[in-house]
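Peer 1: Would you be able to build a 3D model of this:
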Amino acid sequence: MSKVAILTDSNSGITQAQGKELGIFVEPMPFYIDDKLYYEDIDLTQEQFYEKLTQGGEITTSMPITGELMDHWNSILEDYDELIYIPMSSGLSSSCATAQMLAEDYDGRVVVADLQRISVTQKLAAMEAKELADQGKSASEIVDALNEIKSLSTIYITVDTLEYLKKGGRLTPAVAAIGSLLKIKPVLSIYGEKLDKYSMARTVKAAKLTMIEALKKDMKNVLKTDNLDDVVISIAHTNNYEAAEKFREELLAEFPGKEIWIDPLSLSVSCHIGPGSLACTVTKKLTDKI
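Peer 2: As a prediction, the model looks like this:
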């Protein structure tokens with residue numbers, strides 16, 4: 001029986017400590033802040049990141065450094081027969097394509113799964129991969145199973161400020177200025193590999209209602225189920241835990257009895273949307289154990 005390791009990156013929201021508990025390896029994402037290199041959850045905490053972000057620090061994201069990623073793979077493969085690497089969506093970063101190219105030198109022992117996931121949905125995929133590995137499935141069997149349901153997941157995000165979307169070039173300065181004056185709250189969606197505008201709301205309350213209705217619609221039309229046991233519903237946020245807790249209560253009123261995770265959004269997403277955002281997701285489950 002093949003011994004399969006699961007590796008994801010810190011965009012999944014899995015911390016180094018949580019990774020040890022779950023038996024999942026976590027590649028820390030690198031960041032350059034004012035030209036100094038940091039690694040998420042190694043020498044850069046969420047608190048430090050938001051402090052630097054709100055103080056106007058020049059933050060740029062980076063894909064995992066090639067040599068370091070290969071060193072990590074080599075270290076893991078000393079104890080495992082095969083390795084599945086689940087990086088952030090290829091639509092949001094070139095790190096997935098780079099990893100797939102590097103994996104070609106590993107004679108099939110490293111399989112890079114492009115599941116087009118990010119944050120809590122990426123975390124779920126890693127947890128399900130680990131569950132299948134524990135059942136004795138091979139790397140190819142696990143990736144085939146994950147690929148079958150990879151598109152059965154959606155994310156909706158509302159941001160507190162348009163400043164960071166403008167800074168990242170996703171909004172023109174004029175649209176950002178008008179939106180800020182009118183206090184418009186955009187609702188963004190991630191379905192598959194694209195981050196797109198879903199709708200606009202005038203208040204946070206209206207944005208949350210829009211996202212809740214979108215989850216209900218997606219359960220029916222995208223995930224093709226009305227059974228809450230078939231899905232995972234999650235909340236993610238950027239430095240906004242109290243609001244996330246309140247949002248959970250609102251979601252529970254619509255999805256009674258459902259366990260709803262709350263996780264911080266990964267820093268790679270946070271630097272593009274800023275603090276104070278809220279996100280919710282619905283994802284089809286692969287295994288009943290999660």
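Peer 1: Tell me which stretches of the protein form strands.
Peer 2: Secondary structure of the chain by DSSP state E: the strands cover 4-9, 25-27, 30-33, 36-39, 59-61, 82-86, 110-112, 153-158, 185-191, 194-201, 231-237, 260-264, 278-284.
Peer 1: wait, which of those strands is closest to Glu141?
Peer 2: Between Glu141 and the strands of the chain, the tightest spacing by C-beta to C-beta is seen for strand 4-9, at 9.2 Å. All C-beta atoms are positioned from the backbone trio N, CA, C, and that covers glycine.
Peer 1: Let me know the distance separating the residue lying closest to Ser199 once chain neighbours are set aside from Lys208.
Peer 2: Nearest residue to Ser199, sequence neighbours excluded (C-beta to C-beta, 6 or more residues apart in numbering): Val187, at 4.8 Å. Val187 sits 9 Å away from Lys208 when distances are taken as C-beta to C-beta, to the nearest Å.
Peer 1: Need the overlap of contacts for the two.
Peer 2: Thr158 (C-beta atoms under 8 Å, 6 or more residues apart in numbering).
Peer 1: could you redo the strands of the chain as JSON lines and give each row mean pLDDT, mean neighbour count and distance to Asp218?
Peer 2: Formatted as JSON lines, these follow (pLDDT from 0 to 100; neighbours: other C-beta atoms under 10 Å; distance: least, C-beta to C-beta, whole Å):
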{"stretch": "strand 4-9", "mean pLDDT": "97", "mean neighbour count": "26", "distance to Asp218": "23"}
{"stretch": "strand 25-27", "mean pLDDT": "97", "mean neighbour count": "24", "distance to Asp218": "28"}
{"stretch": "strand 30-33", "mean pLDDT": "92", "mean neighbour count": "18", "distance to Asp218": "32"}
{"stretch": "strand 36-39", "mean pLDDT": "93", "mean neighbour count": "15", "distance to Asp218": "34"}
{"stretch": "strand 59-61", "mean pLDDT": "86", "mean neighbour count": "17", "distance to Asp218": "28"}
{"stretch": "strand 82-86", "mean pLDDT": "98", "mean neighbour count": "25", "distance to Asp218": "22"}
{"stretch": "strand 110-112", "mean pLDDT": "97", "mean neighbour count": "22", "distance to Asp218": "27"}
{"stretch": "strand 153-158", "mean pLDDT": "93", "mean neighbour count": "26", "distance to Asp218": "5"}
{"stretch": "strand 185-191", "mean pLDDT": "83", "mean neighbour count": "21", "distance to Asp218": "8"}
{"stretch": "strand 194-201", "mean pLDDT": "79", "mean neighbour count": "15", "distance to Asp218": "11"}
{"stretch": "strand 231-237", "mean pLDDT": "96", "mean neighbour count": "24", "distance to Asp218": "9"}
{"stretch": "strand 260-264", "mean pLDDT": "93", "mean neighbour count": "17", "distance to Asp218": "15"}
{"stretch": "strand 278-284", "mean pLDDT": "95", "mean neighbour count": "25", "distance to Asp218": "6"}
